[in-house]
Each structure stands twice: as C-alpha cells, then as structure tokens.
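Novice: Predicted coordinates and the sequence they were generated for:
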Amino acid sequence: KASPQILDDDAKSIVKLNTASRPSGRPKQKESFKKAKRSKEITDTLAYVDTVATVGDVTLEVLDEVVKTQQLSIAVVGEALDGIRRMFDGAVFKRPKALVIKGNHSRSVESNIRFVLPDSATNVKIREELINDTKLASSDIVISILGVGTFSLVDIERMRTWHEVSKKLTKARKLVKFVEKIVIDDDHKEVERQRILHMIPFMNVDRVFSANGHNISFLDLAGYGGDQWLSDSCVFLASLRVVKEAEPQTWQNPKYVTVVDPLYLQLSDVERRNQYIDTKDHIFTEMRSNRIVCCPTYVDIEFPHWCGIIFDMERKIVWKYDPLHKKSNLDAVQEVISGVFMKFMSSHMEMQAKTFTGWRQCDGHSCGVLVVQWLEQYLSLVRSTPPDASIPLAHDDKLDSKQLAYERYKHFSYVLDTVVTNVDT
C-alpha cells in the first residue's frame, strides 16, 4: 500500500476511479441514497486497505515470493494465502469506470473493474511506453481508489494472483474434506484413505499428470471433491481401472474386456477416429463372442452429460444407459451406436438393443460416477451369469446418497492411484 497522498502526475501514471460516473443502464438514484452508499463503500474500502496489504507477518510481497516457487500446494502456500484476507465483497473494484490521468491528459477506461482493472491499467502502461519511448514498471503506476488512498499497480496485480491461486487451493481443500467425510468400515481401505489424505496437501494445484495417453490436471482430480462434472480423462481412467480389475476374475466363459476412449468419439477425422476405436485388435470388425466393450459416451444436448454403452458380443446385446433417463439423451446415444459402432460390424450381424432403466441421477454432477458404476456392476454380474440367462441388473430408482458418495470416492482413488503410479514408474 502506498501513501494516501496522490503522487506527482509528471512522475506517475495515475489510474483514478471516476466516483461521479454512472454506468450505462443503471437507474438514477436519490442523492441521499447515493451518499449513504458511497459512505458505506468508503468505510468498506478503508477496512480493506487496513487488512489486505499486511496481515500479521504475511504481506503481498510474501505471496509473490511463494508463488514464484511454483510449488502451489496447500502445504507450501496455504499459510501465506490464509494470512491475506479475502477482499470485502470486492469493495475496491465495484466502480465500473476509471480515469487514467497523465499530466494534463485524461482518458476514460471502460471496464468492469472487478479483477479487470489490472488489464486496463496495463494497456495504458503499454500506450504510455510507446508514446513516450519509456519503460514503466508496475510499481510506476498508482491506483487511486475511491479517494481514500493510492496503491501501486503491482500490489493490485498481486491481489489478483492471490485470488486465482486461492480458488485453486479452495478446490484442493474441498477434496480433502470430501475424502474425510466418506464412511469407511474396512481397515485396509481406511489405511488407503489416510495415505490419500496425507498426499493431497503436498500436490501442486498446477500439476498435470500423464497416464494412458491422457493429460489430467490436479484440478480435474479435485473435481471429485465438489459438485463438478467429471472430465473425459477422469471417466476414462476410472472405467479402465474397473475393466482391469474385472478381467482376472473367474468368469463363466473367459472374456476380453476393453474400454473405448470417449475422446476418440469426438474426433472430427472419421478415418483416424475409426482406427482408434476399432484398435489393432479389431474389437468391432471381428465380432468375437468373448468380447465385452464398454463405452462411456459424452453427449451435449442441453448441457455436457455422460451416458454409457456396453456391447456384449456373446449375448449379441448392446446396452445403453442415460443417468437422467431422458429420451433426447438416449436418442443421441443411439445415434452414436448406429452412426459409429454399428458401421464397423458385418451387415448380417444383428445386435439386440436394451436400455438400463435403473439408477436415476438426482443431481447435476454425478452422471460420470453413475456410468462407471454401471459398467462395474454389469461386469460383476456377467461373470457369474450363464450365456443363455438374462443379466440381473438392479432396477432401483436411485442410489443411496452415501453409497453414491462412496462410489465417487472409490473412482477418485482409482484415478489418483493410476496417475501417481505412472509418475513413480
């Protein structure tokens, strides 16, 4: 935080909020209301000024240093971030306009000030450098906020960095809380949970892992701990783990089980897509009865959503499942079956189509978990079911919330184990 006195215009480029301006479209307000509102904004901002730049031994400069280490984990930067309090409803950035003042000239900067002011000020800095053939540092630009004080642009930029890093660490902390709340009654699984709880705080929130041809970020993994739609990589790697655990088990008839990568279905190059889907083992063009092919399938009718397809070659059945039980989604899945998969197969080959009608999704983020769990259930049942008997799939309307949370945790542990093992090897 700089001195509250406005510095000499000849020495500094000043970005000053235009306190008299009113954004286009905002209705006029009574003078008494405007004064009261302005008074509150100034009070809020003064409180912000007194707390945000320095809290205890933690300063924005400290944040700058820990961010430069590029080790953005809860264990490394969590304490520094906690020491800098969250801005009070963004009070400093509420005004929609600012004036950029340099000498006797002023220019209006139109922007939503919340987290955008640094961009506007930086653009002004670039123009000033070009016009005057000078090099300005962020510390050479001062921000005058609501007439209560001046701040170096570099501190405002650091505040923006704090906000961005803080959001990432918040996701990591939500993941920790999610894992902590899962009900586990198995000692071996409890040991595994404690290992995961020890691991997460030391994981870099900007880390990107590679496994089975997929790049998966830590923030993708953190999606398991919040109300988030799971990424392609998360759903694929969880499905792959389910298949790998199913194959070595005892089967009525030995099976070759595989998973189609959902990313392949989204390729625009049809020839390349078909090569990836059919694979060198010709899983569709050679209709071998010992094969089961699992296909987590992405559809986007009204919003991104996960559905599932299972080809049971021995029974000559193709199953489809939409966790939302919506006709539009099932129609989209059928288009994938007919327009992509069936084109691989011989024209005389007929597959009976069936729809799984259980496990209705009751939220906006569990579709991926339900699809992977459905694949796991099918593989578990088909192992012990004779080829001439029907698969006794569950037809419960929905999974219990605790069971669904546990399945979400289990799939997360699958994916985490896969990416960490890949790093270790």
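Specialist: Arrived safely, thanks for sending. Residues are numbered from 1 along each chain as shown.
Novice: For the helix or strand where residue 416 lies, list every residue counted as buried.
Specialist: If you go by DSSP states H and E, residue 416 is part of helix 401-424. Neighbour-count burial for helix 401-424, with 16 or more other C-beta atoms under 10 Å as criterion, is recorded at 404-416, 418-419. Yep, even glycine has a C-beta here, placed from its N, CA and C like the rest.
Novice: ok, those residues vs residue 224, which is closest?
Specialist: Closest approach between the buried residues of helix 401-424 and residue 224, by C-beta to C-beta: residue 412, at 3.8 Å.
Novice: quick one: the closest one and residue 226 touch, right?
Specialist: No. With contacts defined as C-beta atoms under 8 Å, residue 412 does not count as touching residue 226, sitting 11.4 Å away.
Novice: tell me the contacts of residue 251?
Specialist: Listed by C-beta atoms under 8 Å, 6 or more residues apart in numbering, the contact set of residue 251 reads 382-383.
Novice: Give me the secondary structure label for it.
Specialist: coil (DSSP: H, G, I helix; E, B strand; the rest coil).
Novice: per-residue pLDDT, it?
Specialist: The model reports residue 251 with a pLDDT of 72.
Novice: For the stretch 151-300 of the chain, just list every one of the strands.
Specialist: In the stretch 151-300 of the chain, the strands defined using DSSP state E, counting those that start in this stretch lie at 208-211, 214-217, 256-259, 291-300.
Novice: Comparing those, which comes out most buried?
Specialist: strand 291-300 (a mean of 22; mean count of other C-beta atoms under 10 Å).
Novice: And the strands in the stretch 301-425 of the chain, which stretches?
Specialist: So, for the stretch 301-425 of the chain - with DSSP E, counting those that start in this stretch - the strands run 304-312, 317-321, 352-355.
Novice: Point out the one among those strands that comes closest to residue 186.
Specialist: Using C-beta to C-beta, the nearest of the strands of the stretch 301-425 of the chain to residue 186 is strand 304-312, at 27.3 Å.
Novice: Distance to residue 271 for the strands of the stretch 151-300 of the chain - can I get that in TSV?
Specialist: As requested, the strands of the stretch 151-300 of the chain are exported to TSV (distance: least, C-beta to C-beta, whole Å):
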stretch	distance to residue 271
strand 208-211	26
strand 214-217	22
strand 256-259	21
strand 291-300	19
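Novice: how about a markdown table for those strands, with mean pLDDT and distance to residue 285 added?
Specialist: Shown next, in a markdown table, are the strands of the stretch 151-300 of the chain (pLDDT from 0 to 100; distance: least, C-beta to C-beta, whole Å):
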| stretch | mean pLDDT | distance to residue 285 |
| --- | --- | --- |
| strand 208-211 | 92 | 28 |
| strand 214-217 | 93 | 25 |
| strand 256-259 | 90 | 14 |
| strand 291-300 | 94 | 12 |
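Novice: just for the stretch 151-300 of the chain, where's the confidence low?
Specialist: 151-156, 250, 254 (pLDDT under 70).
Novice: need the helices for it, in chain order.
Specialist: Per DSSP state H, counting those that start in this stretch, the stretch 151-300 of the chain carries helices over the ranges 153-181, 187-199, 218-222, 232-246, 262-265, 270-278.
Novice: Can you check what angle separates the fourth one from strand 304-312?
Specialist: To tie it back to what came earlier, the one meant is helix 232-246. 30 degrees (axes from the mean of the first three to the mean of the last three C-alpha atoms, to 10 degrees).
Novice: let's have the chain start at 102 instead
Specialist: In the new numbering, first residue 102, that becomes helix 333-347.
Novice: Could you export helix 333-347 as CSV, CA atoms only?
Specialist: Presented in CSV, the C-alpha positions along helix 333-347 are these (Å, rounded to 0.1, in the frame of the first residue of the first chain):
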residue,chain,number,x,y,z
ASP,A,333,-13.1,-37.2,-20.1
SER,A,334,-9.8,-38.3,-18.5
CYS,A,335,-11.4,-39.0,-15.1
VAL,A,336,-14.2,-41.0,-16.5
PHE,A,337,-11.9,-43.0,-18.9
LEU,A,338,-9.2,-43.8,-16.3
ALA,A,339,-11.8,-44.9,-13.8
SER,A,340,-13.5,-47.1,-16.4
LEU,A,341,-10.2,-48.5,-17.4
ARG,A,342,-9.4,-49.4,-13.8
VAL,A,343,-12.8,-51.2,-13.5
VAL,A,344,-12.1,-53.2,-16.6
LYS,A,345,-8.5,-54.2,-15.5
GLU,A,346,-9.9,-55.4,-12.1
ALA,A,347,-12.7,-57.4,-13.8
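Novice: buried ones in it?
Specialist: 333-344, 347.
Novice: Please list all residues in contact with residue 402.
Specialist: Contacts of residue 402 (C-beta under 8 Å, 6+ apart): 427, 429-430, 433.
Novice: Repeat the analysis, applying 7 Å as the threshold.
Specialist: 429-430, 433 (C-beta atoms under 7 Å, 6 or more residues apart in numbering).
Novice: Select only the buried ones of those residues in PyMOL?
Specialist: With 16+ other C-beta under 10 Å as the criterion, this PyMOL line picks the buried residues out of the contacts of residue 402:
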select buried, resi 430+433
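Novice: for the contacts of residue 402, which one is nearest residue 486?
Specialist: Once C-beta to C-beta is applied, the member of the contacts of residue 402 that ends up nearest residue 486 is residue 430, at 27.3 Å.
Novice: got a list of what the residue lying closest to residue 411 once chain neighbours are set aside touches?
Specialist: In space, and not counting its chain neighbours, residue 411 is closest to residue 420: 4.2 Å by C-beta to C-beta, 6 or more residues apart in numbering. Contacts here follow C-beta under 7 Å, 6+ apart; on that basis residue 420 touches 410-411, 455, 457.
Novice: Could you export these as a markdown table, including distance to residue 359 and pLDDT?
Specialist: Converted to a markdown table, the contacts of residue 420 look like this (distance: C-beta to C-beta, whole Å; pLDDT from 0 to 100):
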| residue | distance to residue 359 | pLDDT |
| --- | --- | --- |
| 410 | 13 | 97 |
| 411 | 11 | 96 |
| 455 | 20 | 94 |
| 457 | 20 | 93 |
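Novice: Now the buried members of these.
Specialist: Neighbour counting over those (16+ other C-beta under 10 Å) leaves 410-411, 455, 457 as the buried ones.
Novice: Tell me, domain by domain, which residues of the protein belong where.
Specialist: 114-270, 308-525 (automatic domain parsing).
Novice: The nearest residue to residue 348 once chain neighbours are set aside and residue 413, how far apart?
Specialist: Residue nearest to residue 348 in three dimensions, not counting chain neighbours: residue 358, with 5.4 Å by C-beta to C-beta, 6+ apart. Per C-beta to C-beta, to the nearest Å, residue 358 is found 10 Å from residue 413.
Novice: Thanks again, I'm all set now.
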